[in-house]
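Student: predicted model follows, preceded by the sequence.
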Amino acid sequence: QKYYHYVHLFLQVEQVRLLDRFSNKSVHGTLYLTATHLIFILHHHIASVEKLSLTTSGCPLVIQCRNFRVVHFVIQRERDCHDVYSSLLRLLRPVCYEELYAFSYNPKQNDQQREEGWQLIDLGAEFERMGVPCDQWQLTDVNRDYKVCETYPRDLYVPVTASKPIIVGSSKFRSKGRFPVLTYFYQEKKAAVCRCSQPLSGFSARCLEDESMLQAISKANHNSRFLYVMDTRPKLNALANRAAGKGYENEDNYSNIRFQFVGIENIHVMRSSLQKLLEVTGTRSLSMSDYLVGLESSGWLRHIKAIVDAAVFLTRAVTVEGASVLVHCSDGWDRTAQVCALGALLMDPYYRTIKGFMVLIEKDWISFGHKFADRCDQLDGDPKEVSPIFTQFLECVWQLTEQFPQAFEFSEWFLLQIHEHVHSCQYGNFLGNNQRQREELQLRERTHSLWAFLMSEKRNHLNPFYSPAYSEAHPVLEPSTLPYHFKFWRSMYHQFDRSMHPRQSILKTILTLKENSRKAESTLQALESVSTLLHIPPATSRLPHSGSEEDEQEEVGEEATESTDTERTVEGSSGTESRKQSYGELEGTYNSDLVKEEPAVVSLEFGVARMTC
Amino acid sequence: MEFAEHIKTANVEDVVLRQPLQPPSRGTLCITGHHLLFSDREESDSRQVLLLLRNIDAIEKRMSGSSGTITMKCKDLRVLQLDIPGMEQCLNIAHSIETLSCLDCVSAMYPFFYRPVDLSLPEQWGLSSPEMHYSQMKELYEKWRLSTVNRDYSVCPSYPPAVIVPKSIDDDTLKKAAKFRQGGRFPVLCYYHKKNGMVIMRSSQPLLGANRKRCKEDELLLQAVIEGSDKGYIIDTRSMQQAQQARMTGGGFESKSFYDRWKRFHRQMERGKALQESLIKLVEACGDESNNMDRWLSKLENSKWLSHVQNALSTAGLLVECVERDGHSVLVHGSEGTDCSLLISTLAQLIMDPCCRTMEGFLGLLEREWIQARHPFQQRCAHSAYSHARLQQESPVFLLLLDCVWQLWRQFPLALGFSEALLLRLATEVYASDYGTFLCNSDQERCALEVKERTHCLFRALLRPTERDYYSNPLYERTELAIWPSVHPQSLQLWKGYFLRWTQQVRHLEEAQEEIRNMVIEWGKLARS
């Protein structure tokens, strides 16, 4: 409780019960409300608060978080409950960016460290790594002042043959001015992945500059006579857009393009799909049939598969056919970002490393203007703009890590951490909708970078099965997109419902073993060097024993010495929560001993640690 | 039995074999009484495929011109294809496979001919016997005894000659109680929980019939089980309605009035034909690559296989709750007591008892529950998911057990001493094997056919050092605690290692498993040096 000195308390309510959503368990505790946290819950994680009707035991308060945590409190007095409820409603709706946690978060770093953190990812260097600029592609300064496209970054790469008038002309023919630019260059075949928004073609409009732009992209690749244009929308949606003066490329007007629809649904469909999914999986005592039927009717995995399918198409076109591809959707910041980023991940082993994955997100999502603020509801905005587009991307990556256990340097914990912080607004990286806005907010000066934090935690995010040799042998991944290879991502959508997860973690065990063996190795080396000096035969060194023996416990997997740095265990077990599941008819007898060993609020430490900051 | 009469063409040259995950190869095909042998003609890196004909579940032949194609669907879910030149040869081969793959005569089956050079027929068949098991359990001596009332299989043909029963019950009482239970399967001890002295008993349904007969001896026997305790639980693996209906055909359940200290739970578990159909539907869904996401999920749901997995684990969980948490003894039965009862008693023991979670312990458990206490393997595993034959007694109860054990392993990857590979091996062997372990329907049949003298035992073979190394779990860490599985649907998964075994993606997962083993061994060496 020592941390509470540092924060200003809004509210404190005693004798609150916290219910487990899938069992009858509950714990008692005190609820604290501060400017940025509700006990352990960061306000910004909270997606909705709901007051249910009064029951005999108290007034229930259900809080749904953006990291898919659902917390169910029972507060004894209705007045307290209402106070908490109304305070939360007020706190949940920041009206300006400055109210967000990132602006008050201070991890005790000096300005230099902060600056270094921001310099960790350098997109200029990334394009250099890809081999750009080169004889066919160049950096253009046309968007230096965000004049041509305010949602694009300043630095853009275009074909050398695309002159400024062509660029400007093309941008006028594209929705929101998002003209075709390079996002990934596949050096081996000199094939480019470009991205843009839909053309303002309507039923018949043409734009010569835009046609030249595509021509220039096509010509920049000598390996292929044509350019693929991937419209990631369902054809019907694209057709409908024509009535609004937008639409898609007419193959007759563009020479040497091959046009393709791939049929990923729009943000509204995705939002309601996730809603349905969560409704199903949030049901108590869910039967297997209802679960599978719900999984199907939510359509969620169908959408995930559609995105991976599109990425596979893109990857084949580039790596097998050696063709360049132009990807767009409507505005080119949702589906386009998903497909371009996922495609690059399949094509380039670098993006499957921890650093590379940060670069990929920085490039295709942050710099190219995925509207994080709108999609993640950072400020009190239009609920119709909110959509789990980035979550879907992370899930697609996870599905791939499941198919290729040796191909990724990071484990799912890394993906979950990123997801957590996209919503926590604790770091500046994802604030705002585009680079221009971020510069105006002076995020680099006023907030910290998530990437530096994740880098410092790298050890926790490693995938012990990662094999650089595997990546060398399989630089391009060819995932199967047969439906049975897609699974429900339990660690994401039930991250905090611990009773659902495996009680023992292979990942964690292997990481510990690896660490121990590393230590043993160095001990051994040290011993050997000493013994050579002293001319004695090498002594036997025992493996340093890590962790303490398990205490007398009734259940497996409750490691008593869970690291105190409040790391969340995803696959593994929690430090405190026990698994007391009930299988049916037997009741009463042991419910009493179920409750007694539960400590006060389980995840308190985690949040408290954050509150110190 | 002369196999030769079924083999008109023994050798064919220039055959193309197509199998999953490998490029097609051309070579010679050879049919023997028990095997299909294919060897390709590559000088270097020559490959051979030796397939037990018994493993073939269904074949389809297609003729085109002067050649034909035979598609063989195996019980281990592999699908192989042979392109054979010459119509007659092709028809002959197809005929041989069809006939030889489903011969009924047990003593003509391969285990009776399997004589590996490095292995002589064992002096002891199996890992243990009821007698040995009893003698090792000193805790039992005070209240339990070993009865040989069934020494000539006359009381219960499906029980082994020796069974463990309460000490206070004499053999005459047992004989009378046996008459009151279907197939003579009177309640016997199957597990003793050392922590609290509570037990799991197993039996078949009582034969109440429509006029609600009662049997004093049966009541006495059960009474003796819970002596010194306030009550016991009965888990009936049928729904209340099914159990009531069973009375019409002479069966029934223990009524409250005659067994007043027993509390009964009904848990409907799928068995028999319905379970076999579930497997067929699931395998069909896994084999159809044209499915889109919605169709796949709908087929997966429709197969109900995962519901059966969930149901089995949750019933076993209930059983463990009764014994471990609630501290009471439990009697488990359904109707015959040879399928679902074994399934949940086996799972319950795995959950509760660390001794059953080592490789030796697990195989011993299977031997006690499934071989000695008799699961009719011959009938249940005659065919698998591809067969077009009319369903008779087939039912993949044992496969369901293996799937549930796999789910346990997924949730507690350190707690089991064996790996997924062992489960896969068992899933294959149960349908087609070199060993005699899964032959016949009961101990009695096994004795009559001299299975124990004339065949090798799979369980003993699996415990030889090289095999044991291969099938052990490198991460195994013994824990004394119960391993309570989560039965939320979100916690259970399709057993890809089995159902999608022959896909590239599962190979990747296997490689990763292999990688774990190598790493752990490597670190072990390092630690020892």
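Tutor: Nice, I can see it. Numbers count the residues shown, from 1 in each chain, chains lettered A, B, ... in the order given.

Student: where does the residue most central in space within chain B land in three-state SS?
Tutor: Computing the C-alpha centroid of chain B and ranking residues by C-alpha atoms, centre = their mean puts B:F398 first, at 2.8 Å. State at B:F398, reduced to three classes by DSSP: H, G, I helix; E, B strand; the rest coil: helix.

Student: go on, B:D403?
Tutor: Under three-state DSSP, B:D403 falls in the helix class.

Student: contact partners for the closest residue to it other than its chain neighbours?
Tutor: Using C-beta to C-beta, 6 or more residues apart in numbering or on different chains and skipping the chain neighbours, the partner closest in space to B:D403 is B:W495 (5.0 Å). Yep, even glycine has a C-beta here, placed from its N, CA and C like the rest. B:W495 makes contacts with B:D403, B:W406, B:Q407, as judged by C-beta atoms under 8 Å, 6 or more residues apart in numbering or on different chains.

Student: how about the contacts made by B:T9?
Tutor: B:I31, B:E88, B:Q89, B:N92, B:I93, B:S96.

Student: could you list which of those belong to helices?
Tutor: Taking DSSP state H as the definition of helices, the contacts of B:T9 contribute B:E88, B:Q89, B:N92, B:I93, B:S96.

Student: and the furthest pair within the residues you listed?
Tutor: B:E88 and B:S96 (12.6 Å; C-beta to C-beta).

Student: which helix in the chain runs the most residues?
Tutor: Unless you meant another one, I'm taking chain A. Ranking each helix of chain A by length (DSSP H) puts helix A:506-534 first.

Student: meant chain B actually
Tutor: Under DSSP H, chain B gives helix B:504-528 as its longest helix.

Student: packing partners for that one?
Tutor: Helices and strands touching helix B:504-528, by 3 or more C-beta pairs under 8 Å, 6 or more residues apart in numbering or on different chains; DSSP states H and E, are helix A:506-534, helix B:496-499.

Student: and the ones you listed: which comes nearest B:E217?
Tutor: Proximity to B:E217 (C-beta to C-beta) singles out helix B:496-499 among those, at 43.9 Å.

Student: from the chain's centroid, how far away is the closest one?
Tutor: 16 Å (C-alpha atoms, centre = their mean, to the nearest Å).

Student: quick revisit: what is the neighbour count of the closest residue to the residue nearest to the centre of chain B other than its chain neighbours?
Tutor: Closest residue to B:F398 in three dimensions, ignoring its sequence neighbours and counting by C-beta to C-beta, 6+ apart: B:V430, at 5.4 Å. Using other C-beta atoms under 10 Å in any protein chain shown, B:V430 has 24 other residues around it.

Student: neighbours around the residue in the stretch 1-150 of chain B that chain A sits nearest to, how many?
Tutor: Taking C-beta to the nearest C-beta, chain A has its nearest neighbour within the stretch 1-150 of chain B at B:L21, 12.6 Å off. B:L21 has 11 neighbouring residues, counting by other C-beta under 10 Å.

Student: surely it meets B:Q505?
Tutor: No. Using C-beta atoms under 8 Å, B:L21 is not in contact with B:Q505, being 10.7 Å away.

Student: and the strands in chain B?
Tutor: Assigned by DSSP state E, chain B shows strands spanning B:11-18, B:25-31, B:35-40, B:48-52, B:56-64, B:67-74, B:79-85, B:144-147, B:163-166, B:188-193, B:198-202, B:232-236, B:262-266, B:329-333.

Student: so which of these gets nearest B:D172?
Tutor: strand B:144-147 (10.8 Å).

Student: report the buried residues of that closest one.
Tutor: Across strand B:144-147, burial judged by 16 or more other C-beta atoms under 10 Å in any protein chain shown covers B:W144, B:R145, B:L146, B:S147.

Student: phi, psi for A:L286 please.
Tutor: Taking degrees, to the nearest 10, you get phi -70, psi 130 for the backbone angles of A:L286.

Student: test my guess that A:N221 contacts A:E188.
Tutor: No. Applying C-beta under 8 Å, one finds A:N221 not in contact with A:E188, separated by 11.9 Å.

Student: hmm, B:E254 is touching B:P206, no?
Tutor: Yes. With contact defined as C-beta under 8 Å, B:E254 counts as touching B:P206 (5.9 Å).

Student: next, count neighbours for the closest residue to A:F261 other than its chain neighbours.
Tutor: Leaving aside its sequence neighbours, A:F261 sits nearest to A:K235 (C-beta to C-beta, 6+ apart; 4.6 Å). Number of residues near A:K235 (other C-beta under 10 Å) recorded here: 12.

Student: likewise A:A526?
Tutor: 11.

Student: what comes up buried for stretch A:194-208?
Tutor: Residues of stretch A:194-208 classed as buried: A:C194, A:R195, A:C196, A:S197, A:Q198, A:P199, A:L200, A:S201, A:A205, A:C207 (neighbour count, 16+ other C-beta under 10 Å).

Student: how much space between the first one and A:L156?
Tutor: A:C194 sits 11 Å away from A:L156 when distances are taken as C-beta to C-beta, to the nearest Å.

Student: overlap in contacts, these two.
Tutor: Shared contacts of A:C194 and A:L156, defined by C-beta under 8 Å, 6+ apart, comprise A:V181, A:L182.

Student: contact partners of stretch B:510-525?
Tutor: Outside of stretch B:510-525, the residues within contact range by C-beta under 8 Å, 6+ apart are A:405-406, A:464-465, A:467, A:506, A:510, A:513-514, A:516-517, A:520, B:419-421, B:474-475, B:497.

Student: which of those residues are buried?
Tutor: A:405-406, A:464-465, A:467, A:506, A:510, A:513, A:516-517, A:520, B:419-421, B:474-475, B:497.

Student: re earlier: pull the contacting residues for the residue of the stretch 1-150 of chain B closest to chain A.
Tutor: B:W502, B:T503, B:Q504, B:R507.

Student: rewinding a little: quick one, the longest helix of chain A and helix B:504-528 angle?
Tutor: Here helix A:506-534 runs at an angle of 30 degrees relative to helix B:504-528 (axes from the mean of the first three to the mean of the last three C-alpha atoms, to 10 degrees).

Student: mind listing what's buried in helix A:506-534?
Tutor: Buried-residue list, helix A:506-534, by 16+ other C-beta under 10 Å: A:I506, A:L507, A:K508, A:T509, A:I510, A:L511, A:L513, A:N516, A:S517, A:A520, A:L524.

Student: list just the nearest of those to A:A311.
Tutor: For the buried residues of helix A:506-534, the nearest to A:A311 is A:L507 (25.4 Å; C-beta to C-beta).

Student: how far away is that closest one from A:R114?
Tutor: Distance, A:L507 to A:R114, by C-beta to C-beta: 32 Å.

Student: let me know the helix or strand that the residue nearest to A:G117 when sequence neighbours are not counted is in.
Tutor: Excluding the flanking residues, the one nearest A:G117 by C-beta to C-beta, 6+ apart is A:A452, at 3.0 Å. For A:A452, the element it lies in under DSSP states H and E is helix A:450-456.

Student: can I get that helix as CSV, trimmed to CA atoms?
Tutor: Output of helix A:450-456 as CSV, limited to C-alpha atoms (Å, rounded to 0.1, in the frame of the first residue of the first chain):
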residue,chain,number,x,y,z
LEU,A,450,7.3,2.1,-26.1
TRP,A,451,10.0,0.5,-28.2
ALA,A,452,12.7,1.5,-25.8
PHE,A,453,10.8,-0.1,-23.0
LEU,A,454,10.1,-3.3,-24.9
MET,A,455,13.7,-3.4,-25.9
SER,A,456,14.8,-3.2,-22.3
